[in-house]
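[1] Return a 3D structure for these sequence lines:
(one chain, ligands or ions: 2)
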Amino acid sequence: MSNAHQFKLKLQVNGKQVSQHVAPDTSLIELLRLDLGLTGTNQGCDTAQCGACTVLVDGQAIKSCNVLALQMQGRVVTTIDGLNLAPTGTEHLTTQATQATQTAHDANEAPTLHIMQQAFIDQGALQCGYCTSGMIMRAVAMVHERVAIDEHAVALALGGNLCRCTGYHNIVQAVMQGLTILRASQHLRGIINTDRLDHTNGLEGELDVSGIHSTHDEHDEKHKTIKTNQGSL
Ligand code: FES
Ligand code: FES
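    Ligands and ions are numbered 1, 2, ... in the order given. Model prediction:
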């Protein structure tokens, strides 16, 4: 398609300013994988069912197959490829890891893993790995949501992310490990009050994603909010 049928998009991806001409029907996952070469985000069902394509938009978990790239105008997108360098609100709490990451980045070396990535390794929470990047991005978004750190609440909150391999147990354990470390850090800094965590939360967690709309017309009513949980385990 010629530039005459494309529109200029400016956004931030993994800490870098991106300016790109995109077609009106280009989805966010197409922009990420095909235009920007960020292949850490996997494309599964392409119909907002599996969650493999989950990324963070302004810190909130979004299924990138289900939004248009042009809807990302001016927004901050984080993918698994840049997770270890992305602001999580816990930098001050994970000083050692953050410094190591930054040092490695400055030295052009392989960076350290994000706490949630390490938790998935520690708990053996992946097999084929196809769902893993989406699972981890969904889990990172939970840090700022009122999802309690217990098996039931975490399993509910992962309801929109499907895994065909693991049986979910180890994934839930990994998310709990990651949340425990990240939340503890935030609690110490007074960023969150863990006493107010909603232990029934899961399906109630609607995110304010004003301006982000589904590419599917039949989902118009869902445009006002994108629920953190779709489907079931
Ligand atoms: S590829 Fe987006 S939800 Fe399955
Ligand atoms: S590890 Fe294979 S789909 Fe989840």
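
[2] so how far is Thr180 from Gln186?
    Going from Gln186 to Thr180 by CB to CB, to the nearest Å gives 11 Å. Any C-beta I mention is one placed from the backbone N, CA and C, and that applies to glycine too.

[3] which of the two has more neighbours?
    Gln186 (20 against 13; other CB atoms under 10 Å).

[4] isn't Leu39 right up against Ile29?
    One thing to correct before we go on: residue 39 is Thr, not Leu. No - here Thr39 does not reach Ile29: they are 10.3 Å apart, not a contact under CB atoms under 8 Å.

[5] These two: which is more packed in?
    The residue with more neighbours, out of Thr39 and Ile29, is Ile29; 25 against 14, by other CB under 10 Å.

[6] Which helix or which strand is home to Ala139?
    Per DSSP states H and E: Ala139 is located in helix 132-142.

[7] just the CA coordinates of whichever helix or strand comes after that helix, formatted as CSV?
    Remark: after helix 132-142, the chain's next helix or strand is helix 151-157, criterion DSSP H and E. Coordinates of the C-alpha atoms in helix 151-157 are reproduced here as CSV (Å, rounded to 0.1, in the frame of the first residue of the first chain):
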residue,chain,number,x,y,z
GLU,A,151,-4.5,-19.1,43.7
HIS,A,152,-8.1,-18.5,43.0
ALA,A,153,-7.8,-14.8,42.3
VAL,A,154,-4.7,-15.2,40.1
ALA,A,155,-6.3,-18.0,38.2
LEU,A,156,-9.4,-15.9,37.5
ALA,A,157,-7.2,-13.0,36.4
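
[8] Would you mind identifying the next helix or strand past helix 151-157?
    Next in sequence after helix 151-157, counting helices and strands by DSSP H and E, comes helix 169-189.

[9] Which positions in this structure make contact with ligand 1?
    Of all the residues in the chain, those in contact range of ligand 1 (CB under 6 Å from any ligand atom) are 43-46, 48-53, 63, 65.

[10] Of the residues you listed, grab the buried ones for PyMOL.
    A single PyMOL command selects the buried members of the residues of the chain next to ligand 1 (16 or more other CB atoms under 10 Å):
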select buried, resi 43+44+48+50+51+52+53+63+65
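
[11] Go through the residues of the chain next to ligand 1 and flag which are in strands.
    Those of those mapping onto strands are Lys63, per DSSP state E.
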